[in-house]
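A.B. asks: generate coordinates for the sequence data below:
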Amino acid sequence: MKKWIRGTNAIVLSAAVIGIFILLTVFLHSAKGLQWDLTATKKFTLSDQTTTVLKNLDQKVNVIAFTNSSQEYYNRQVSDLLTDYSRQNKKITFQEVDPKKKPALAEQYEISQYGTVVFEVGDKKKVVLYNDLFGYGSDQTTYNFTGEEKFTQAIMSLTSNSSHKGYFLTGHGEQTVSNASSFVSALESENYTVADLNLVKDGKIPDDAETLFILSPQQDLSAAEAKLVEAYVKGNGKLFVTLGLSAEMDGWKNWDAILAQVGVKNTKALAVEKNSSLSSDPLTIIPDYTTHEITEKLQSADRVTVMPASIGLQSDVGSTGFSVSELLGTTSSGYAKTNLSELLTKQLTQSDIEKSTGDIEGPVALAYAVQDKDSKPKAIVVGNGLFVDNQYLSEQANKDFALNSIGWLHEEKSSLTIRPREEAQMQQVYLTSRQSNTIFVTTIIVIPALFLLAGGLVWWRRRKG
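C.D. replies: Next up is the predicted model:
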């Protein structure tokens with residue numbers, strides 16, 4: 001009788017466990033977007049920008065990935081991500097298609113190779129290739145998957161009705177569209193169209209110029225060019241200015257006049273930071289954020305900007321009618337070396353950058369946001385040019401800070417966000433035959449045999465007892 005009761009209890013308990021497991025599985029499957037990301041960098045969590053874009057999406061987006069079985073690893077990465085997108089917003093539909101099995105559909109979308117993802121909104125299409133999703137990261141040391149960045153950009157470009165035109169001022173050693181390719185690509189992903197502008201050659205600032213980008217000039221501009229820029233600023237024009245180190249900076253007059261027009265002064269002094277710098281390099285500063293909508297989300301997410309070789313700035317609004325807000329600055333232990341021209345002529349040592357008489361006391365401002373008398377955004381001035389350079393743009397929050405600043409200039413609240421990051425993927429491991437056999441024997445034979453042995457010992461002890 002006791003054996004029958006124990007057997008019945010075991011059956012009931014087993015059925016209860018199985019039932020709970022089934023109910024839990026059904027619940028988790030039906031729960032929209034329920035997941036736990038336990039990775040240190042939240043690798044499997046969609047970025048703030050992506051979740052905002054998907055939340056506000058009110059148009060149907062059809063996504064088709066044309067794949068084949070030989071790309072299984074890549075297919076899984078793409079499929080998991082796009083499935084997550086469709087789970088976040090039911091207006092997104094996603095399907096995988098093998099062109100060999102559905103040649104008519106592949107012909108309809110003019111698919112010429114496997115590994116092609118097509119985004120479709122109405123009669124507009126955007127194609128993203130696997131070649132653009134998988135590859136070495138910006139530092140060339142990790143193999144990355146940039147799917148979230150590319151997919152979100154595709155949806156934004158197909159659904160956004162706003163676009164902006166900007167010009168990169170050239171002719172004075174500035175960064176141009178061709179040599180600032182990473183920054184240009186980032187701007188284009190946010191629906192900005194940019195082109196180079198040489199005022200000596202073109203003679204005027206085009207009427208469609210919403211923003212004038214002045215990136216790290218090395219020489220002063222002429223008086224005639226300065227008049228054109230000043231007139232542009234007096235009108236509806238907006239400026240995005242970065243200042244890089246220049247041996248000729250001490251002699252600048254016209255650039256100084258343009259900055260003074262928007263209430264900012266170039267101190268022409270090299271910023272030094274002892275307490276908040278990268279890898280103990282006092283010239284590569286991790287600046288403090290001030291409270292501002294441009295930096296708010298970056299600060300809350302603990303995303304830092306990296307500013308190598310920065311110029312100190314000061315506010316000098318006077319009677320300009322403009323107001324300035326500091327965005328970035330050193331700590332109170334920072335300072336700025338005023339002998340910049342001398343420092344640029346030598347190989348710097350630690351003693352060269354020690355604080356001395358005449359240096360500017362900290363905290364030292366490194367970036368300002370400027371508003372006009374009507375509190376409308378007018379200019380962004382950053383005392384650093386390298387942070388938008390191809391080498392540094394992908395560092396931490398550099399790209400977000402740059403694009404947030406430009407979004408703020410155009411009063412686009414949705415652009416003040418944190419964008420997807422490049423994420424290193426697991427590298428493929430190549431095993432020898434011996435290693436493969438060892439893994440097979442261990443997992444298929446040895447481990448199950450140990451469980452059987454343990455179970456047999458327990459059964460034998462109970463039988464003897």
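A.B. asks: got any ranges where the stretch 351-465 of the chain has weak pLDDT?
C.D. replies: Low-confidence segments of the stretch 351-465 of the chain, defined by pLDDT under 70: 414-416, 418-435, 465.
A.B. asks: so where do the strands sit in it?
C.D. replies: Here the stretch 351-465 of the chain has its strands, by DSSP state E, counting those that start in this stretch, at 360-361, 365-371, 377-382, 423-424.
A.B. asks: can you name every helix or strand that the longest one contacts?
C.D. replies: Read that as strand 365-371. Judged by 3 or more CB pairs under 8 Å, 6 or more residues apart in numbering; DSSP states H and E, the packing partners of strand 365-371 are strand 264-272, strand 311-315, strand 323-329, strand 377-382. All C-beta spots, glycine's among them, are computed from the backbone N, C-alpha and C.
A.B. asks: follow-up on the earlier one: and residue 77, which of the strands of the stretch 351-465 of the chain is closest to it?
C.D. replies: Closest of these to residue 77 is strand 423-424, at 10.1 Å (criterion: CB to CB).
A.B. asks: which positions within stretch 290-310 qualify as buried?
C.D. replies: Within stretch 290-310, the residues that count as buried by 16 or more other CB atoms under 10 Å are 290, 292, 294-295, 297-298, 303-310.
A.B. asks: residue 211 pairs with what?
C.D. replies: residue 166, residue 238 (DSSP bridges).
A.B. asks: which residues are in contact with it?
C.D. replies: Neighbouring residues of residue 211 by CB atoms under 8 Å, 6 or more residues apart in numbering: 164-167, 237-240, 406, 409-410.
A.B. asks: so for it, what's the pLDDT?
C.D. replies: Note on residue 211: pLDDT of 97.
A.B. asks: right, so of the helices and strands packed on strand 365-371, which gets closest to residue 205?
C.D. replies: So among the helices and strands packed on strand 365-371, strand 377-382 is nearest, using CB to CB, at 14.7 Å.
A.B. asks: and the angle from the closest one to strand 365-371?
C.D. replies: If you take axes from the mean of the first three to the mean of the last three CA atoms, to 10 degrees, strand 377-382 sits at 170 degrees to strand 365-371.
A.B. asks: ok now strand 377-382, how far from the chain's centre?
C.D. replies: Put simply, strand 377-382 sits 21 Å off its chain's centre (CA atoms, centre = their mean, to the nearest Å).
A.B. asks: looking at the strands of the stretch 351-465 of the chain, which is nearest to residue 191?
C.D. replies: With CB to CB, the closest approach to residue 191 among the strands of the stretch 351-465 of the chain belongs to strand 377-382: 17.6 Å.
A.B. asks: which helices and strands sit right next to that closest one?
C.D. replies: Using 3+ CB pairs under 8 Å, 6+ apart, strand 377-382 sits against strand 238-242, strand 323-329, strand 365-371, helix 398-409.
A.B. asks: thinking again about what came up before, buried deepest among the helices and strands packed on strand 365-371, which one?
C.D. replies: Using mean count of other CB atoms under 10 Å, the stretch among those with the greatest mean number of neighbours is strand 377-382 (a mean of 26).
A.B. asks: partners of it in the sheet?
C.D. replies: Going by DSSP bridges, the partners of strand 377-382 are strand 238-242 (parallel), strand 365-371 (antiparallel).
A.B. asks: now the helices for the stretch 201-350 of the chain?
C.D. replies: Counting by DSSP state H, counting those that start in this stretch, the stretch 201-350 of the chain has helices at residues 223-234, 254-261, 296-300, 340-343.
A.B. asks: one more: the stretch 1-150 of the chain?
C.D. replies: 2-30, 48-56, 72-88, 103-108, 130-133, 147-159.
A.B. asks: can you put those helices in a markdown table and add distance to residue 276, mean neighbour count and mean pLDDT?
C.D. replies: Compiled in a markdown table, these are given as follows (distance: least, CB to CB, whole Å; neighbours: other CB atoms under 10 Å; pLDDT from 0 to 100):
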| stretch | distance to residue 276 | mean neighbour count | mean pLDDT |
| --- | --- | --- | --- |
| helix 2-30 | 44 | 10 | 66 |
| helix 48-56 | 24 | 18 | 86 |
| helix 72-88 | 35 | 16 | 90 |
| helix 103-108 | 54 | 12 | 90 |
| helix 130-133 | 35 | 16 | 84 |
| helix 147-159 | 28 | 21 | 86 |
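A.B. asks: residue 326: what's it in contact with?
C.D. replies: Applying CB under 8 Å, 6+ apart to residue 326 gives the contacts 290, 315, 365, 367-368.
A.B. asks: on that earlier part again, out of the helices and strands packed on strand 377-382, which gets nearest to residue 460?
C.D. replies: helix 398-409 (64.2 Å).
A.B. asks: just checking, what packs against the closest one?
C.D. replies: Contact partners of helix 398-409 among helices and strands, from 3+ CB pairs under 8 Å, 6+ apart: helix 181-189, strand 238-242, helix 296-300, strand 377-382.
A.B. asks: now the ones you listed as CSV including distance to residue 46?
C.D. replies: Shown next, in CSV, are these (distance: least, CB to CB, whole Å):
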stretch, distance to residue 46
helix 181-189, 16
strand 238-242, 28
helix 296-300, 15
strand 377-382, 28
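A.B. asks: for residue 460, find the nearest of those.
C.D. replies: helix 296-300 (60.6 Å).
A.B. asks: using CSV, list the CA coordinates for the closest one.
C.D. replies: Coordinates of each C-alpha in helix 296-300 appear next as CSV, following Å, rounded to 0.1, in the frame of the first residue of the first chain:
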residue,chain,number,x,y,z
GLU,A,296,21.6,64.5,-20.4
LYS,A,297,21.2,60.9,-21.7
LEU,A,298,25.0,60.5,-22.2
GLN,A,299,25.6,61.4,-18.6
SER,A,300,22.8,59.1,-17.2
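A.B. asks: you'd agree residue 129 is up against residue 118?
C.D. replies: No. Assessed by CB atoms under 8 Å, residue 129 is found out of contact with residue 118, at 10.4 Å.
A.B. asks: how about a markdown table for the helices of the stretch 1-150 of the chain, with distance to residue 245 added?
C.D. replies: Below are the helices of the stretch 1-150 of the chain laid out as a markdown table (distance: least, CB to CB, whole Å):
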| stretch | distance to residue 245 |
| --- | --- |
| helix 2-30 | 56 |
| helix 48-56 | 32 |
| helix 72-88 | 41 |
| helix 103-108 | 53 |
| helix 130-133 | 34 |
| helix 147-159 | 31 |
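A.B. asks: per-residue confidence at residue 135?
C.D. replies: pLDDT for residue 135: 70.
A.B. asks: that one: how many residues sit nearby?
C.D. replies: Counted with other CB atoms under 10 Å, the neighbours of residue 135 add up to 13.
A.B. asks: next one: residue 357
C.D. replies: Count around residue 357 with other CB under 10 Å applied: 5.
A.B. asks: and for residue 445?
C.D. replies: The burial count assigned to residue 445 is 10, neighbours taken as other CB under 10 Å.
A.B. asks: before we move on, what about the one 10 residues further on?
C.D. replies: Here the count is done by other CB under 10 Å, and residue 455 has 10 residues near it.
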